[in-house]
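S.K.: here is a sequence with its predicted model. Questions after.
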Amino acid sequence: MKTFVCIKYVPDTSEAEVKVNADGTSVDSSRFSFDINDADNYAVEEAVQIQEKHGGTVTVLSIGPKESEVMIRMAMAKGCDNAIRVEDGRIASFDPLMVAKVLAAAIKGQEFDLVLTGCMAADDGQMATGVALAEELGVPHAAMVKKVEILDGKVRAHRELEGGLLEVVELTLPAVLTIQTGINEPRYAPIRGIRAAQKKELKVVNLDDLGLPASEVDAGASKIVLEKLYIPEVVSSAEFIEGEPEEKAEKLASILVKGGLV
Amino acid sequence: MSTENLTFTEKFDLLGCIQCGRCTGGCPVTVRTNLNVRRFVYDAYHEEKLEELAKLAEIWDCTACHTCAVRCPKGLKPLEVLLGLRSMLVDSGKVQASVRNALESVYLEGNPWEKPKATRYDWMEGLDVKIAEPDTPVENLFFVCCTIAYDPRVQVIAKNLVRLLNQAGVNYGFIAEGESCCGSEVFTLGEELLFEEIVENNTEFLNEFKAGRIVALSPHCFTTFKDRYPDLNKPVIHYTQLLAELLEQGKLSWKDGLPKKIVFHDPCYLGKQSGVFDEPRRLLRSIDGAELVEFERSRERSLCCEGGGGKMWVESESKKERLAETRIKDAHDLGAQIVAVACPFCVLTLEDAMKSLGYEEEMRVAEMMELLGELV
């Protein structure tokens, strides 16, 4: 099995105060911590487990700054064999379709059986890159995968659907799977492994190296125009119903009826 | 000396063990878990058994309180055998998610609480804190523990200390850039190589400061710097030692009394591991009206709260009474109105136990600096 696993370096905004910069289209990230995107961490673990069970190699692929190399080395410490980091300021990285084109350009021309991505990025939550990547590569895909079974020339993917349904599909390899969190328990990247990973190959490339004209993946090529970022306004319209239980019930029922809710 | 190429037996001096049982006889967690450290010391001699031993859940029950090391007549540290087994598991990457997250957070952000580096100094906001610069000589260089820096419940320790230091006219400085985890819990969670890196980086960083001494806010940082940083170029003390000095010099005065029955809980890392027993008691006695009572198990025999040894990130499987609950019940029986402690972990574990026992109306768990801060 030759597997690619695509990972993204994202800020942890779970508790952080998010502030929009003066330009109105970017976020002040100076007080954030950055790490591998949560779902991508599960994709790395799944790729390593597949390799442990079926042999082969795992290549980490990421578009990101030099600082993201710590995350790439940690993935290699867990068992991935080598890595490609794409860095190019011209990429319209806010547009998943442009990102997918760049990832596809890095994979095309190489042999592969499986490409794993996380199902969603914690920063923009678009859930689109993996699926778009499959389209760019011209291979089948399954999204939000919670269980992977490698068969002869095929992969059986158990995917999570709306309403708690699970769909089991078989795809001919090569294929792209976007991995849902909870599929496995990602391992720890020990310092011993991180040190050993310093010896593994990490190739840094730009669009020119990939032979991809910038005009195909830059802001001009994107159909998305990022006009403005803003923090949603918090509004409150709670109404407290006072009175004895019977009165409260009557008032509540009247509100529900008037509002067309019953 | 590098221990990288020693066998397990050589590294932990297993052949020095005479199987006397002093370790197990003093181990506080044996009342609630199956941990038998003497058995581990015995079995670990068989190298072929190590992998199997590393898989036993009991190795995560140890709180690194060091009672076994204090009691060992041969000067061995039985608990470190358990930490060595944890290391094997950590090196395989197969540790529980909470441990993984804590260790990765130390590696990436310099604290085990998954908080950004950049917000480490937010606790200083609104305070007149003197900041230490490497080139400016300072008598007391303060080192704030990760837990105190980030956890809103215990930030009060650092905040009150700043107010007290300013009032007492102490020559001091806090670090406002580059402060990073001391590695105490990294060591006890078994991530040896990360701990080595931390020691190397922190030693280089702290040695650059022209300071008379380092004053640690947490007993965990204090003991770790003192015992596991061989190349640190300045002495390290705990803040209660500095305050006891100031008290002696007549530089501390309390604006109010505190007519309460107070029992002091000796933190393992301050007391039995570092021999600081009297300074916190002296400070409490200096408060008008304070009546200091003692636990039956105090000083070297103090009962561990189970907050050390990485246990903040590892839940014991045992459903039996937590040691912190036993401790709070003992305090309640003594009629103590305040359980005073001098460690952020003890505050968190003991307060949790007090709440779960429903004693909130009758007693209070407070860090020394909380009590003293209310009196300046």
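M.R.: Great, that's in hand.
S.K.: the strands in the chain, which residues?
M.R.: No chain was given, so I picked chain A. For chain A, the strands defined by DSSP state E cover A:2-7, A:9-11, A:34-36, A:57-63, A:82-86, A:114-118, A:141-150, A:154-160, A:166-172, A:175-179, A:202-205.
S.K.: wait, chain B
M.R.: B:138-143, B:172-174, B:211-216, B:236-238, B:261-264, B:291-293, B:338-341, B:364-367.
S.K.: so who does residue 53 touch?
M.R.: Chain wasn't specified; assuming chain A. residue A:150 (C-beta atoms under 8 Å, 6 or more residues apart in numbering or on different chains). Yep, even glycine has a C-beta here, placed from its N, CA and C like the rest.
S.K.: hmm, I had chain B in mind actually
M.R.: B:40, B:43-44, B:59, B:85.
S.K.: then residue B:312?
M.R.: Contacts of residue B:312 (C-beta under 8 Å, 6+ apart): B:102, B:112, B:185, B:345, B:348.
S.K.: if you set the cut-off to 7 Å instead, what comes out?
M.R.: Going by C-beta atoms under 7 Å, 6 or more residues apart in numbering or on different chains, residue B:312 touches B:185, B:345.
S.K.: please apply the same query to residue A:215.
M.R.: Counted by C-beta under 7 Å, 6+ apart, residue A:215 has contacts residue A:221.
S.K.: report how many residues lie close to residue A:117.
M.R.: Using other C-beta atoms under 10 Å in any protein chain shown, residue A:117 has 30 other residues around it.
S.K.: does it touch residue A:129 like I think?
M.R.: Yes - with contacts counted by C-beta atoms under 7 Å, residue A:117 reaches residue A:129, the gap being 6.2 Å.
S.K.: between these two, which contacts overlap?
M.R.: Between them, residue A:117 and residue A:129 share no contacting residue, judged by C-beta under 7 Å, 6+ apart.
S.K.: so where's the chain shaky on pLDDT?
M.R.: You didn't say which chain, so I picked chain A. By pLDDT under 70, chain A has no low-scoring segment.
S.K.: meant chain B, my bad for not saying
M.R.: B:1-4.
S.K.: name the residue most distant from the centre of it?
M.R.: In terms of distance from the mean C-alpha position of chain B, residue B:48 ranks first, at 33.8 Å (C-alpha atoms, centre = their mean).
S.K.: re the thing from before, redo the strands of chain B as JSON lines? Include mean neighbour count and distance to residue A:260.
M.R.: Formatted as JSON lines, the strands of chain B follow (neighbours: other C-beta atoms under 10 Å in any protein chain shown; distance: least, C-beta to C-beta, whole Å):
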{"stretch": "strand B:138-143", "mean neighbour count": "20", "distance to residue A:260": "62"}
{"stretch": "strand B:172-174", "mean neighbour count": "22", "distance to residue A:260": "60"}
{"stretch": "strand B:211-216", "mean neighbour count": "22", "distance to residue A:260": "64"}
{"stretch": "strand B:236-238", "mean neighbour count": "23", "distance to residue A:260": "66"}
{"stretch": "strand B:261-264", "mean neighbour count": "22", "distance to residue A:260": "62"}
{"stretch": "strand B:291-293", "mean neighbour count": "16", "distance to residue A:260": "66"}
{"stretch": "strand B:338-341", "mean neighbour count": "26", "distance to residue A:260": "57"}
{"stretch": "strand B:364-367", "mean neighbour count": "22", "distance to residue A:260": "53"}
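S.K.: next up, the contacts around the residue of the stretch 151-300 of chain B found nearest chain A.
M.R.: Nearest residue of the stretch 151-300 of chain B to chain A: residue B:193, at 3.8 Å (C-beta to the nearest C-beta). Under the criterion of C-beta under 7 Å, 6+ apart, the neighbours of residue B:193 are A:191-192.
S.K.: what does the stretch 51-200 of chain A put close to chain B?
M.R.: A:70, A:78, A:185, A:187-193 (C-beta under 7 Å from any C-beta of the partner chain).
S.K.: how about those, which pair is most distant?
M.R.: A:70 and A:185 (21.6 Å; C-beta to C-beta).
S.K.: neighbour count for the two, which is higher?
M.R.: Taking neighbours as other C-beta under 10 Å, residue A:70 and residue A:185 compare with residue A:70 leading, 16 against 12.
S.K.: list the contacts for the more buried one?
M.R.: residue B:108.
S.K.: if we use 10 Å, what do you get?
M.R.: A:9, A:34-36, A:189, A:194, B:107-108 (C-beta atoms under 10 Å, 6 or more residues apart in numbering or on different chains).
S.K.: before we move on, what about residue A:71?
M.R.: Taking C-beta under 10 Å, 6+ apart as the test, what residue A:71 contacts is A:7-10, A:34-37, A:40-41, A:44, A:60, A:62, A:64, A:83, A:85, A:189, B:108.
S.K.: and if you look at residue B:298?
M.R.: B:263-266, B:271, B:277, B:281.
S.K.: ok, residue A:154 next?
M.R.: Contacts of residue A:154 by C-beta under 10 Å, 6+ apart are A:170-173, A:175.
S.K.: now residue B:268: closest residue in space that isn't a chain neighbour?
M.R.: residue B:65 (4.1 Å; C-beta to C-beta, 6 or more residues apart in numbering or on different chains).
S.K.: do the same with residue B:269
M.R.: residue B:219 (3.7 Å).
S.K.: test my guess that the one you found contacts residue B:238.
M.R.: Yes - shown here, residue B:219 and residue B:238 form a contact pair, counting by C-beta atoms under 10 Å, at 6.0 Å.
S.K.: what's the overlap in contacts for these two?
M.R.: The contact lists of residue B:219 and residue B:238 share B:267, B:269-270, B:274, B:276, B:342-343, where a contact means C-beta under 10 Å, 6+ apart.
S.K.: filter those residues down to the buried ones.
M.R.: Among the shared contacts of residue B:219 and residue B:238, those buried by neighbour count (16 or more other C-beta atoms under 10 Å in any protein chain shown) are B:267, B:269-270, B:274, B:276, B:342-343.
S.K.: list, one by one, the residues from chain B near chain A.
M.R.: B:87, B:89-97, B:99-105, B:107-111, B:114-119, B:122, B:186, B:189-198 (C-beta under 10 Å from any C-beta of the partner chain).
S.K.: top of the contacts of residue A:70 by neighbour count?
M.R.: Going by other C-beta under 10 Å, residue A:36 tops the contacts of residue A:70 with 28 neighbours.
S.K.: quick one: the nearest residue to that one once chain neighbours are set aside from residue B:119, how far?
M.R.: Leaving out its chain neighbours, the residue that sits closest to residue A:36 by C-beta to C-beta, 6+ apart is residue A:71, at 4.6 Å. Residue A:71 sits 20 Å away from residue B:119, going by C-beta to C-beta, to the nearest Å.
S.K.: do residue B:293 as well
M.R.: Following C-beta to C-beta, the distance that separates residue B:293 from residue B:119 is 40 Å.
S.K.: quick one, what contacts the closest residue to chain B within the stretch 1-150 of chain A?
M.R.: Closest contact between the stretch 1-150 of chain A and chain B, by C-beta to the nearest C-beta, is at residue A:33 (3.8 Å). By C-beta under 10 Å, 6+ apart, the contact set of residue A:33 is A:11-16, B:105, B:108-111, B:114-119.
S.K.: contacting residues around the spatially closest residue to residue B:68 that is not a sequence neighbour?
M.R.: Residue nearest to residue B:68 in three dimensions, not counting chain neighbours: residue B:23, with 3.7 Å by C-beta to C-beta, 6+ apart. Taking C-beta under 10 Å, 6+ apart, we find residue B:23 in contact with B:17, B:36-38, B:40-41, B:67-73, B:76-79, B:81.
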